[in-house]
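[1] Fold the following.
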Amino acid sequence: MTTTAPWTPNALADLRECLDLMTADGTVPGGVITHGSFDAEPGYLSSGVVAPECGDARPGPDTVYDVASLTKVLATWPLVGTALAEGFTLDTPVRELLPAVAAEAPSGLVTARQILSHTSGIRADTRLDQYRNRPGPLAELICGEDLIAEPGAGHRYINRGFILLGLALAQFHGRRLDELGSDLWRSLGMTSTTYGPVARSAQVAPTGQRLSGGPRLWGLPHDDNAALLGGVAGHAGVFTTPADLAAFATQLLTAYSTSGLLGRWLADSMQPVAAIEPGLDRGLAWILADEGRVAYHHGFTGTSLYLAPATGRFLAICTNAVYHHQDNRARLAPLRALALKAITDEP
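    Prediction:
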């Protein structure tokens, strides 16, 4: 049984100060950090406003954010984990999971394990727009591309693999990916998590502009390729709230502590598969830090989720950082570094 550990002195105060500073300097309109452990109610730190379009609405536990690539760990990764109990396999070539893919398709050789660990070697740029007016199913088009590296040879972050996994999961279950996600999230108590589009309101955080001078994306996926797929994809497209991220983290950490299905899947996924850089490895979907004791993932829009199963703690960051700057990763780095330090440090 996991024993939860308290936060180090000033860790949460440092996070709040950093979020306040980022709000004040225009890095983000505002945001929410949720923190906690699997055996206690979550806490929330918030700053700023949802967005200028939303008037004086303040972000909070129920503010809806486009979480971009957190979709990979909120939807595709847990759906693979639950499908394993139903006969889905990690080491079967995706061409065998997708009947539309020809046996000779070069990128059809890769496996779910290689996709999850970003070692598939398939084409790195996502660019689904290049398939406009091309006949054939999307899986066939993606798998028909030549490999850029030998599968399993090294780490390279690739969205296309998770798009393929989303298609494979839908094929395996005979149901749409958004339906599978909805059932999973409801079972975990995540009542506000959904694929877009979502209705505009003062509690839905707008993101960036698709065209300069145009309206902001508001309830529509920021990721261009997810948008081309109608908002439902294995790599991006999910909208959720800080409260639902806390519920997700709590369920995973509880299952980890009791050896439940998703807890065992989390433990398996926290085994290093490929080195990213010194001190960081990739497991299955998750980035691993602190010698494999912490798993985390980021979303391009300005979101992050951190899990420390050994101490039973979690942190999640929700911002719409792309509101002011299309690529805000460098500006978000100090907050994300503080979050990683807070989740790894023990008093």
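
[2] And the pLDDT for Ser269?
    Among the per-residue scores, Ser269 holds a pLDDT of 98.

[3] what's the average pLDDT for stretch 82-96?
    96.

[4] Okay, buried residues for it please.
    The neighbour-count criterion (16 or more other CB atoms under 10 Å) identifies Thr82, Ala83, Leu84, Phe88, Leu90, Pro93, Val94, Arg95 as the buried residues of stretch 82-96. C-beta coordinates here come from the backbone N, C-alpha and C atoms, glycine included.

[5] contacts for it?
    With contacts defined as CB atoms under 8 Å, 6 or more residues apart in numbering, stretch 82-96 is touched by 80, 101-103, 105, 108-113, 115-116, 139, 143, 164-165, 168-169, 172-173, 184, 261-262, 265.

[6] count of neighbours near Arg282?
    Applying other CB atoms under 10 Å, we find 21 residues neighbouring Arg282.

[7] gap between the residue lying closest to it once chain neighbours are set aside and Ile142?
    Once flanking residues are discounted, Arg282 sits nearest to Ala274: 4.8 Å by CB to CB, 6 or more residues apart in numbering. With distances taken as CB to CB, to the nearest Å, Ala274 is found 21 Å from Ile142.

[8] what do you get for Val294?
    With the distance defined as CB to CB, Val294 ends up 32 Å from Ile142.

[9] circling back to that earlier point, do you know the pLDDT at the residue nearest to Arg282?
    pLDDT, the model's per-residue confidence, is 97 for Ala274.

[10] That one reaches Ala153, doesn't it?
    No: with contact defined as CB atoms under 8 Å, Ala274 does not count as touching Ala153 (9.1 Å).

[11] Which residue comes closest to the residue nearest to the spatial centre of the chain once chain neighbours are left out?
    Among the residues of the chain, the one closest to the centroid is Leu70, at 1.2 Å (CA atoms, centre = their mean). In space, Leu70 comes closest to Gly299 once its chain neighbours are excluded; the distance is 4.1 Å by CB to CB, 6+ apart.

[12] wait, isn't that neighbour in contact with Thr207?
    No: when contacts are counted by CB under 8 Å, Gly299 is not listed as touching Thr207 (10.7 Å).

[13] of the two, who's got more company?
    When neighbours are counted by other CB under 10 Å, Gly299 and Thr207 differ, and Gly299 comes out ahead with 28 against 25.

[14] which residues pair with that one across the strands?
    Thr303 (DSSP bridges).

[15] swap in Ile33?
    Under DSSP bridges, the beta-bridge partners of Ile33 are Leu45, Ile317.

[16] how deep is it tucked in, by neighbour count?
    Applying other CB under 10 Å, we find 25 other residues in the vicinity of Ile33.

[17] Is it possible to get TSV of the buried residues of stretch 82-96 that adds distance to Val32 and secondary structure?
    Rendered in TSV, the data for these read as follows (distance: CB to CB, whole Å; DSSP: H, G, I helix; E, B strand; the rest coil):
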residue	distance to Val32	secondary structure
Thr82	28	helix
Ala83	31	helix
Leu84	33	helix
Phe88	34	coil
Leu90	34	coil
Pro93	41	strand
Val94	37	helix
Arg95	42	helix
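
[18] quick one: which of those residues is nearest to Leu229?
    Taking CB to CB as the measure, Leu229 lies nearest Val94 of the buried residues of stretch 82-96, at 17.0 Å.

[19] The closest one and Cys54: what is the separation?
    Distance, Val94 to Cys54, by CB to CB: 41 Å.

[20] Next one, pLDDT for Asp25 please.
    The predicted local confidence for Asp25 comes out at a pLDDT of 94.
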